[in-house]
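Could you look at this predicted model? Sequence included:
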Amino acid sequence: NSAIASVTGGLSPLCLGGTIVGADETLWTTQTPDQITVADNNATDLGVKFQANITGNIKGIRFYKGSSANGGTHTGSLWTQSGTLLASATFTGETASGWQQVLFSTPVSITANTTYVASYYAPQGNYSRSNDYFETSYSNGNSLTGLAWTVSEPNGVYEYSAGGVFPNDNFGEPNYWVDVIFAGNVNAPS
């Protein structure tokens, strides 16, 4: 069997056994935080709760870095909603500011419409933030959604810590500008 796919917008999907694998997605592309650097020098794990509406793989983690004050060795992690660590990686070759990213040694398969938590560890604090961001959900317009804050499931989570733990505290509905690199699977006949 062979696949016939109509492709627009410059995407170049690859067909593998009935599955079209598209371009990588992130929650945010060119957006930037309201507060580029929050003056908080406590070691902190910062996270975002998200879902994908299709199955796929989380290839890595991204975060927005405001300045050299957000220094030290950063670690990106992917967790289940209940706090089980699925993957972790250490950022290398960071720039002075802007979006930073790290890839996991092996992508992590995720289930559609299931909540996961992406986080990064900022050992010197001074992270980026936008207040009241998750009063409503945020969709990237494709497969990913940052979930709206609720009393039972807050979003914009953090944990003051001395080294990479599950972020489970919250204050308001902030966005700490943590992101994922997602490769979705779109079923198609081949």
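Structure's in. What do you need? Remember, it's a predicted structure, so these values are computed and weren't measured experimentally.

Have a look at the chain and report its longest strand.
Using DSSP state E to define each element, the chain has its longest strand at strand 98-110.

Need the contact partners of it.
52, 55-65, 74, 76, 78, 86-92, 94, 116, 179, 181-183 (CB atoms under 8 Å, 6 or more residues apart in numbering). (Glycine included, C-beta is placed from N, CA and C.)

What segments of this structure are strands?
Going by DSSP E, the chain shows strands at 14-16, 19-21, 44-52, 56-65, 75-80, 85-90, 98-110, 116-122, 138-139, 144-146, 157-160, 169-170, 178-187.

Start and end of stretch 90-97, how far apart?
Using CA to CA, to the nearest Å, one end of stretch 90-97 lies 17 Å from the other.

Report the distance from that stretch to the chain centre.
16 Å (CA atoms, centre = their mean, to the nearest Å).

looking at the sheet around A122, what are its partners?
A122 forms beta bridges with T44, as assigned by DSSP bridges.

ok, the residue nearest to D40 when sequence neighbours are not counted - contacts?
Nearest non-adjacent residue to D40, counting by CB to CB, 6 or more residues apart in numbering: G125, 4.6 Å away. Neighbour list for G125: 38, 40-44, 69-70 [criterion: CB under 8 Å, 6+ apart].

Out of these, grab the one that's most surrounded.
N70 (26 neighbours; other CB atoms under 10 Å).

so where is this protein shaky, pLDDT-wise?
For the chain, the stretches with pLDDT under 70 are 1-22, 186-190.

Hmm, G146 and T136 touching each other?
No. Using CB atoms under 8 Å, T136 is not in contact with G146; the gap is 9.7 Å.

out of the two, which sits in the more crowded spot?
For T136 versus G146, neighbours defined as other CB under 10 Å are more numerous around G146 (25 against 12).

residues contacting that one?
G146 sits in contact with 27, 48-50, 134, 137-139, 155, 175, where contact means CB under 8 Å, 6+ apart.

what do you get for P174?
With contacts defined as CB under 8 Å, 6+ apart, the neighbours of P174 are 129-134, 156.

what's the closest non-adjacent residue to it?
Using CB to CB, 6+ apart, the closest residue to P174 is G156 (3.9 Å).

That neighbour: neighbouring residues, count only.
Per other CB under 10 Å, the neighbour tally for G156 reads 27.

thinking again about what came up before, how about the strands of the chain in TSV, adding distance to T32?
Conversion of the strands of the chain to TSV gives the following (distance: least, CB to CB, whole Å):
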stretch	distance to T32
strand 14-16	32
strand 19-21	29
strand 44-52	16
strand 56-65	7
strand 75-80	19
strand 85-90	24
strand 98-110	9
strand 116-122	17
strand 138-139	14
strand 144-146	16
strand 157-160	19
strand 169-170	22
strand 178-187	12
